[in-house]
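Asker: What shape does this take:
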Amino acid sequence: MPEPVHQRVQKRRDALRASGLRPIQIWVPDTRQAGFAEECSRQSQIVALADLADMELMSFTDAALVELEAEGEA
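Answerer: Below you'll find the predicted structure:
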């Protein structure tokens, strides 16, 4: 007879703990909630407009991209 699921899960958890890990619980946004996609879009637009208005940031990211491309060619 196969081992019950709760025993297999407990063995797995015990093995993870023995390897130095511990369980945690995190809360994340519910992507199924009505209006989630619209809110993501709204916030993305705000960030995009802020980025366009910040020329110092644009210069920084352009310089970083040039540096990454140069490292990739080396």
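Asker: C-alpha only now, for contacts and for neighbours.
Answerer: OK.
Asker: which residues touch stretch 11-23?
Answerer: Stretch 11-23 is contacted from outside by no residue at all, using C-alpha atoms under 8 Å, 6 or more residues apart in numbering.
Asker: In PDB, please show the C-alpha coordinates belonging to stretch 7-18.
Answerer: Output of stretch 7-18 as PDB, limited to C-alpha atoms (Å, rounded to 0.1, in the frame of the first residue of the first chain):
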ATOM      1  CA  GLN A   7       3.700  11.200   5.600                       C
ATOM      2  CA  ARG A   8       5.400  11.900   2.300                       C
ATOM      3  CA  VAL A   9       5.000  15.700   2.900                       C
ATOM      4  CA  GLN A  10       6.300  15.400   6.400                       C
ATOM      5  CA  LYS A  11       9.400  13.500   5.200                       C
ATOM      6  CA  ARG A  12      10.000  16.200   2.600                       C
ATOM      7  CA  ARG A  13       9.700  18.900   5.100                       C
ATOM      8  CA  ASP A  14      12.000  17.100   7.500                       C
ATOM      9  CA  ALA A  15      14.600  16.700   4.800                       C
ATOM     10  CA  LEU A  16      14.400  20.400   3.900                       C
ATOM     11  CA  ARG A  17      14.800  21.400   7.600                       C
ATOM     12  CA  ALA A  18      17.700  19.000   7.900                       C
END
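Asker: What segments of this protein are strands?
Answerer: With DSSP state E, there are no strands along the chain.
Asker: where in the protein is pLDDT low?
Answerer: Applying pLDDT under 70 to the chain picks out residues 74.
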